[in-house]
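K.L.:
Generate coordinates for the sequence data below:
(2 chains)
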Amino acid sequence: MHACLWIPEMLKAIFAELVPVTESGVQPSFATLYHLALTCRAFRELALDALWAHIQTPDMLVMWLPQDARSQPVTLTARGRTMLDISGHSLRLLRPLVDDDWAAFQKYACRVRSLTFEKYDDCKTRKLHDSAALALLGSPALPFSPFPRLRELYWNDQRDVLLPCLQRCISNSLTRLVIHSELWPSAMVDLVAGLGRACPMIKEFRCSMPPASACAMLSDIVTCWDDLEILEMGAVNAQALQHLASLKKLRELEMLVPEGHSLDVDPTSTFSVMFSLDEFSITAARIELLVAFLAPLKISAKSANLRINTASNAGGLDQLLSSLTEYFQPNVLKSLCVWVNRPTDFDNHSLFELSASAFRNIRTFKGLTNLDLGSMHVSITDDEALDLVAAWPQMECLYLDSAWDWGVSFLGVTFGGLAGILERCPNLRSLGVNLDTFPPYDSLVHVDNQYTGITREEFTDLSVGHAACEDVEAIGNLLAGMFPNLTQIYHTPSQRPGSVLDSMINSVDPSEPASPGSSQAHIPSQPEMVGKQSSQSSPRRFREVINEFAASLTLSLVLENKGNVARDHLASERTYLAYVRTSLACASAGVALVQLFTLSNSTDANTHGQGDIVPQRFARPLGATVVLLVVGLVRYFMTQAALVRGFFPVARNSIAALAFALGAVVGIVFGVLVAETRS
Amino acid sequence: MHTYRGHRADSYKPIDVLELTELRARNRTFNGAYRRTAIATLGYALTALRLFDSRFLRIGIVYLVLSILLFALGYIRARHSQHDFSDGSKTSALYEQALPTVGQEDKREYGRPFITAGRDVIAVGALVMIVEILLLAFVLQM
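P.N.:
From the prediction side, this is the model:
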C-alpha cells in the first residue's frame, strides 16, 4: 500500500469525500465504504466509522445484529434480480438477543454521529417494527445512552410509542437536536423538560409549535444552554429572552408563539431586550400574539421572517407593518418577509385589503435586498410602486404581487412602471408585481412593437399575479426586450369557487380502490402469456422446443460468485478429475498387465513350453475404466445441479458398488497372477 | 483490458484470507488436479514407449497424445477462470444471467459470475473415453 495511505488523517479526508453533504442531507456512498472496509485493516475502522456515522432510517440499526436474529427485508425476486420491495413490511427481531449480540451492537453504536427517526408512515418500504425498536433501544442490557458519540438527533416520529427510545438516544454529547412532534404528549413534555441538564452542549435545537402550557418549561431549559447558535422553539419568557440575548454565538432564532400564550411581563413596565442575530423568525397563531411578543424586543438582524398562521384583517396588518421599525434596526435589515395566511372564507374582501400607504414605513429599511409581501391583499399602481422602490436601491428580490386569488381584479403595474422599477433597482433579479398587461402600452417604452427601455441581463424570475396574456406577440416582445435571460414566469392560479378547486377535489377520489399489491401480483404471470402466444406459429414453436431442450442440458451454469459457490464447484471438478485418474489408472494397469504377462510368458515359454498368452483375458480392467468415467461424469453433473439448489447428493450406493467391483477385479487379477506363478 | 480494483493486473494481490482461499481452490484445481492428471499420463506414456515392447508403440503414442491434450484442456479451463477477480465492467451481461445459489445469496461476492466447468468436463470425459476405447481395441487386436 502507498505510504500516504498509512496516515489516518489522509484516510479521513478521503473517506469524508465519500460522505458528501448535499442539499437533501448527507448521502454516503455505502457500497464504496463497504468495500473499503473490506479492503484492509488500515481502512477498516475509518471506513466503518464513516459508513455508520449517519443513520438515516432506524432500520439500519438492526443490520448490526447477526442474520439469524433479525428478519430479512422481504423482496420479490425474479430470475435472481430484485423486482420490488413489499411495502408496509417492517423488520423485527426473531430471537432474544444474547450478550454477544449486545457487544456487537455497542461496538457499532459508538460510531453513530447522526441519527434520524423519520415520520411514521405505514406504506414505507423499509422500517423498523416498534417492538424491535423498543427491544433494541429500551433494553437494560445496553448502557443508559447507547450512542456515546451521537452529535445530531432528528426525531420526526409523531407517535408516542417510541418515546422511550428517544429518551435513550439523548446523550450528553448532542449538539443538534430536532424534535418534530406536533402533538406534544405529556411524556414528550416531561422528556423535553429534562433536556436542559441532559444535553449541555446543544448548539442547535429545533422543535415544532408547542402548546402554550409547555412554554414555561421550554424557557427553563433554554437558560441551561450557553452554546446555542440556532434555536427554534416555543415562545419563551422574559428571563429566557434575556439569557438568549446575552449569547454571543446565537445566529438564528425562531420563536413559535402558540395560541393562548402570554408574555408574563407587566405591560406598563419598560422591559426590553436587545438581540443581535443573523436571522430572526417568528411564527404566531394570531397577529395580536405576534405584536405582543415583539413589543419588548429590539432586534438587529440581517433577515426577518414573520409568519401569521391565521388571516388578519387590514387594520392589524397596517399596524404591524407601520411599527416594524420599532422592533428591527433599520440599517441592518437586509431581508424581510411577512406572511399572513389566507382567510378560509370571506364575505367582504375589502376587510383584508391594504392600501399602498401601509408599506410607507418599510421604506425606512434602506438596505433591503429581499422583500416578500406576497400574501398581502394590496393594489399598487405605477406611481405607488415607483415611490416605494425608490427607497430600496439595493433590492434583489421583491414580491409585491398577490399570491392568491381574492376574487377581484387588481389595478396593476404597467410595462412603463416595470421599466421604472428596473431603473431604480439595478440589482433586481426577481420581481413579483400584479402586472397590467392590457393595451395601450406605455409609449415611453413601446415603439412599433419594440421595447426601447432599460434591459436587465441578471433578471431571471418574474411573477405577474393575475395578469392576462391576450396579445402574446406584443407582451412577449416587451418581456424579451426587458429581460433577455428570463427563465421563469409565475402566474397566480385562479381559485374562483366552483372552477379549479372543485375539479381538484373531484380528481382525488378517496373511494377509488388503490391496492398496489394486487396489481404487482400479476407480474410473474407475464412470461407464461408470452409463451402461449408464440406457440401458435409452428416454426417458432419448433425452435422453442429445441431451445428448451438445450436449456435443460445446459452444461455450464453461470452463477453469482458469492460465498462458497466457486470453491464448491471447483472441488466438484477436482473430484471428477480424480474419477478420471482412477479410470486411467485402471486402463494403464490393464495395459501393464498385458505387458507383464507377455514378459512372464516369454520367460516361462522356455521352461514350460506353454502356448501364446491370450491378451483378452487381461483386458478386463480396461472394460471397467469406461464405467468409472461415466460414474464420474454423472456424479459431476448431479452435484452441479444440486449445489445450485443448496443440496449435496451424498454418494453411497455408487461408491459401494465401485469399491466392490474394483475389489473383485483386483482379486481376480491377483488370483490369476498367483495361479500363473504356481503353474 | 481487465483491471483489478481499478489497477493493472500486475498489482493484484488478495486482500484477505477469504480471497486467498478462493485463489488456492483455483490453484488446486488447475495446477493440481488437471496438470497432475496430464503428468501422470505423460509418465505412463514414457513407460509404455521405453519399457514395453514394440507392440505397445501405438498405446504409448495414444497416451502421449492424451497427455498433451489434457495439458491443453487444463490450460483452456484455467483461461476461462482467469479474470474471476477483475472489476466487472464489461461483463454486465453475465451479471444479469447469473443464478443465485440457495443459501449463499447474502454472502460476500468475490467477483464476476462463476461459470461452472460443465463443457470442459464433457471435453475431458469424451477425450478419455475415446482413448480408453482405443486402448481396448489395441489390446484386443494383439
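
K.L.:
mind listing the helices for chain B?
P.N.:
Listed in chain order, the helices of chain B (DSSP state H) span B:17-27, B:35-50, B:57-80, B:92-97, B:118-141.

K.L.:
For chain A, tell me whether the fourth one is touching it.
P.N.:
Meaning helix B:92-97. Yes. On the criterion Cβ under 8 Å from any Cβ of the partner chain, helix B:92-97 is in touch with chain A at B:94, B:96-97. From N, CA and C alone the C-beta is placed, and that goes for glycine too.

K.L.:
For that helix, name the packing helices and strands.
P.N.:
For helix B:92-97, there is no helix or strand it packs on, judged by 3 or more Cβ pairs under 8 Å, 6 or more residues apart in numbering or on different chains; DSSP states H and E.

K.L.:
List the buried residues of the lowest-mean-pLDDT helix or strand in chain B.
P.N.:
The least trusted helix or strand in chain B, going by mean pLDDT, DSSP states H and E, turns out to be helix B:92-97, with a mean of 74. Within helix B:92-97, the residues scored as buried using 16 or more other Cβ atoms under 10 Å in any protein chain shown are B:94-95.

K.L.:
now stretch A:234-251
P.N.:
In stretch A:234-251, counting by 16+ other Cβ under 10 Å, buried: A:234-238, A:240-241, A:243-245, A:247, A:250-251.

K.L.:
next one: stretch B:3-18
P.N.:
Here stretch B:3-18 shows B:4, B:18 as buried, counting by 16+ other Cβ under 10 Å.

K.L.:
Excluding its own residues, what touches it? List them.
P.N.:
A:38-40, B:2, B:20, B:22-23, B:85-87, B:89, B:108, B:110 (Cβ atoms under 8 Å, 6 or more residues apart in numbering or on different chains).

K.L.:
so how many other residues sit close to the residue of the stretch 351-500 of chain A found nearest chain B?
P.N.:
Proximity to chain B, evaluated over the stretch 351-500 of chain A using Cβ to the nearest Cβ, is greatest for residue A:487 at 38.4 Å. Per other Cβ atoms under 10 Å in any protein chain shown, the neighbour tally for residue A:487 reads 10.

K.L.:
Could you find the closest non-adjacent residue to it?
P.N.:
residue A:460 (4.7 Å; Cβ to Cβ, 6 or more residues apart in numbering or on different chains).

K.L.:
Leaving out the residues flanking it, which one is nearest to whatever residue of the stretch 151-300 of chain A ends up closest to chain B?
P.N.:
In the stretch 151-300 of chain A, no residue comes nearer to chain B than residue A:165, which is 27.3 Å away by Cβ to the nearest Cβ. Spatially, and ignoring its direct neighbours in sequence, residue A:165 is nearest to residue A:137 (4.1 Å; Cβ to Cβ, 6+ apart).

K.L.:
Enumerate every residue touching that neighbour.
P.N.:
A:61, A:146, A:164-165, A:168-169.

K.L.:
Greatest separation within these: which pair is it?
P.N.:
A:61 and A:164 (14.7 Å; Cβ to Cβ).

K.L.:
just so I know, which of the helices of chain B lies nearest residue A:299?
P.N.:
helix B:92-97 (59.5 Å).

K.L.:
Dump the C-alpha coordinates for that closest one into CSV.
P.N.:
Listed next in CSV are the C-alpha coordinates belonging to helix B:92-97 (Å, rounded to 0.1, in the frame of the first residue of the first chain):
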residue,chain,number,x,y,z
SER,B,92,-22.5,-6.8,-17.0
ALA,B,93,-24.4,-9.2,-19.3
LEU,B,94,-23.0,-12.1,-17.3
TYR,B,95,-24.2,-10.5,-14.1
GLU,B,96,-27.7,-10.3,-15.4
GLN,B,97,-28.0,-14.0,-16.2
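
K.L.:
just the helices in the stretch 351-500 of chain A please.
P.N.:
Ranges of helices within the stretch 351-500 of chain A are A:382-389, A:415-424, A:472-482, A:500-507, based on DSSP state H, counting those that start in this stretch.

K.L.:
Any chance of these in CSV with mean neighbour count and distance to residue B:61 as columns?
P.N.:
Formatted as CSV, the helices of the stretch 351-500 of chain A follow (neighbours: other Cβ atoms under 10 Å in any protein chain shown; distance: least, Cβ to Cβ, whole Å):
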stretch, mean neighbour count, distance to residue B:61
helix A:382-389, 19, 105
helix A:415-424, 21, 99
helix A:472-482, 16, 91
helix A:500-507, 10, 86
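
K.L.:
Distance of the closest residue to residue A:328 other than its chain neighbours relative to residue A:318?
P.N.:
Excluding the flanking residues, the one nearest residue A:328 by Cβ to Cβ, 6+ apart is residue A:299, at 5.3 Å. Between residue A:299 and residue A:318 the computed distance is 21 Å (Cβ to Cβ, to the nearest Å).

K.L.:
Of the two, which one has the most company?
P.N.:
The neighbour comparison of residue A:299 against residue A:318 (other Cβ under 10 Å) goes to residue A:299, with 20 against 17.

K.L.:
For the residue nearest to residue A:487, grab phi and psi.
P.N.:
Main-chain torsions, residue A:460, degrees, to the nearest 10: phi -120, psi -40.

K.L.:
Okay, now the unreliable bits of chain B?
P.N.:
Within chain B, the stretches with pLDDT under 70 are B:1, B:88-92.

K.L.:
For residue A:631, give me its contacts.
P.N.:
Here residue A:631 is in contact with A:579, A:654, A:658 (Cβ under 8 Å, 6+ apart).

K.L.:
Mark which of these are buried, thanks.
P.N.:
A:579, A:658.

K.L.:
Show me the contacts of residue A:631 that map onto helices.
P.N.:
Cross-referencing the contacts of residue A:631 against helices under DSSP H gives A:579, A:654, A:658.

K.L.:
Contact partners for the second one?
P.N.:
In this structure, residue A:654 makes contact with A:631, A:635, judged by Cβ under 8 Å, 6+ apart.

K.L.:
and if you look at the last one?
P.N.:
Contacts for residue A:658 were tallied using Cβ under 8 Å, 6+ apart; they are A:628, A:631.

K.L.:
ok, now how distant is it from residue A:579?
P.N.:
Taking Cβ to Cβ, one finds residue A:658 at 9 Å from residue A:579.

K.L.:
Make a markdown table from the buried residues of stretch A:234-251 and add pLDDT to it.
P.N.:
Listed next are the buried residues of stretch A:234-251 as a markdown table, based on pLDDT from 0 to 100:
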| residue | pLDDT |
| --- | --- |
| A:234 | 84 |
| A:235 | 83 |
| A:236 | 83 |
| A:237 | 83 |
| A:238 | 82 |
| A:240 | 85 |
| A:241 | 85 |
| A:243 | 87 |
| A:244 | 87 |
| A:245 | 86 |
| A:247 | 87 |
| A:250 | 88 |
| A:251 | 88 |
